[in-house]
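Novice: give me the fold of what follows.
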Amino acid sequence: MKLGLALGYWGSGPPPGVEEKVAAAEDLGFDSMWSAEAYGSDAFTPLSWLGARTSRMRLGTSVAQMSARTPTATAMAAMTLDHLSGGRAVIGVGASGPQVVEGWYGQPYPKPLARTREYVRIMKDTIAREKVTSDGPHYPIPYPGGTGLGKPLRSTLHPYRTDLPILLAAEGPKNVALAAEIADGWQPLFYAPRQDGHYRDSLEEGFAARGGRPDGFEVVCMVQVVVDDDVEAAADRIRPFLALYIGGMGARGANFHYEVFARMGYPDDCARIQDLYLDGRKDDAAAAVPTSMVEEISLVGPAAKIAEELPVFRDSLITTMVVDGSPEHLRQIVDLVG
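Specialist: Numbering: from 1, shown residues only. The predicted model follows:
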């Protein structure tokens with residue numbers, strides 16, 4: 001299991017100390033760094049800026065929002081980054097949710113699976129320097145109607161490599177199966193290694209559809225690691241994050257993160273967390289997150305406890321565990337992982 005550094009997306013501005021973290025991760029032998037975007041900072045610019053300060057770490061998006069760019073534009077950014085970094089780009093893409101897609105990007109959300117399939121195919125054709133065409137219906141190329149002057153084009157940029165990895169962020173069973181069918185890897189957001197049977201089933205369904213599991217298929221997952229002699233104090237640092245996603249990152253009946261934890265066996269807790277969060281009682285929502293829920297997807301508590309639980313994650317589907325923290329914390333994680 002490799003280690004990756006989580007860059008995430010910015011809050012009100014660039015996160016302090018990020019360059020020191022990246023330098024520490026490179027020195028500690030981390031395999032990769034991963035940026036994100038929602039409706040603030042973008043995913044590609046930080047990778048270019050910070051990647052120029054490294055020589056070895058892979059540069060991954062976790063994730064680039066599909067609705068932020070056309071598939072050809074995402075492929076252009078990917079190929080450009082891959083050239084600048086000497087073949088270190090890894091592009092994770094995701095459909096996001098209707099609140100962000102329609103409320104920020106002004107794009108339609110329905111049929112996310114069909115849109116994703118079409119999007120990834122166009123990206124692959126672009127990177128392979130094919131003349132890009134698509135019958136749509138989501139990303140028709142050339143654009144139907146208009147001036148009528150559009151024609152199929154081939155990228156003027158020759159790719160650094162035509163097998164540039166494309167990963168798919170997915171949480172629902174059908175989307176996970178799609179990742180296994182069309183992508184080079186899967187990016188879960190919340191993954192419980194002790195309860196991953198349904199994920200394994202979905203992946204196998206997708207591999208069967210593509211004719212077998214491809215070599216090098218990746219599973220890249222963020223795992224929060226909090227070392228503290230007090231387990232509850234460690235869990236308290238993660239509860240607000242889970243409350244935000246379960247309670248606030250979506251609407252009632254349309255929150256994919258909520259559904260992930262409900263499938264883990266926490267439907268009543270999820271309902272309470274969401275009710276409290278949507279009522280504006282965010283602190284109470286965080287307090288309602290059970291410690292056991294935190295421990296399903298995180299490593300929290302004394303170093304000895306984390307070392308004891310690490311084999312569960314190491315022996316899971318995860319190929320790259322993405323973590324965050326100060327340079328000192330990153331060194332501690334490396335010592336624990338071994």
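Novice: dump the residue contacts of the residue lying closest to residue 184 once chain neighbours are set aside.
Specialist: Sequence neighbours aside, residue 165 is the residue nearest to residue 184 in space, at 4.2 Å (criterion: CB to CB, 6 or more residues apart in numbering). C-beta here means a position set from N, CA and C on the backbone, and glycine is covered the same way. For residue 165, the contact set (CB atoms under 8 Å, 6 or more residues apart in numbering) comprises 90-91, 184-185, 218.
Novice: can you tell me how far residue 165 sits from residue 105?
Specialist: 24 Å (CB to CB, to the nearest Å).
Novice: and if you look at residue 257?
Specialist: 19 Å.
Novice: okay, now the domains of the chain?
Specialist: Domain ranges of the chain: 2-223+318-337, 228-301, per automatic domain parsing.
Novice: tell me what the helix or strand harbouring residue 76 is packed against?
Specialist: Using DSSP states H and E, residue 76 falls within helix 71-84. Counting contacts by 3 or more CB pairs under 8 Å, 6 or more residues apart in numbering; DSSP states H and E, helix 71-84 packs against helix 44-51, strand 58-65, strand 89-94, helix 112-127.
Novice: could you dump it to PDB, C-alpha only?
Specialist: The C-alpha trace of helix 71-84 is given here as PDB (Å, rounded to 0.1, in the frame of the first residue of the first chain):
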ATOM      1  CA  PRO A  71     -14.000  16.300 -21.700                       C
ATOM      2  CA  THR A  72     -11.600  17.600 -24.400                       C
ATOM      3  CA  ALA A  73     -10.600  20.500 -22.000                       C
ATOM      4  CA  THR A  74      -9.900  18.100 -19.200                       C
ATOM      5  CA  ALA A  75      -7.900  15.900 -21.500                       C
ATOM      6  CA  MET A  76      -5.900  19.000 -22.700                       C
ATOM      7  CA  ALA A  77      -5.100  19.900 -19.000                       C
ATOM      8  CA  ALA A  78      -4.200  16.300 -18.300                       C
ATOM      9  CA  MET A  79      -1.800  16.100 -21.200                       C
ATOM     10  CA  THR A  80      -0.200  19.400 -20.500                       C
ATOM     11  CA  LEU A  81       0.400  18.500 -16.900                       C
ATOM     12  CA  ASP A  82       1.800  15.200 -17.900                       C
ATOM     13  CA  HIS A  83       4.300  16.800 -20.200                       C
ATOM     14  CA  LEU A  84       5.400  19.400 -17.600                       C
END
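Novice: let me know the pLDDT of the spatially most central residue of the chain.
Specialist: Nearest to the geometric centre of the chain sits residue 62, at 3.6 Å (CA atoms, centre = their mean). In this model, residue 62 is scored at 95, pLDDT.
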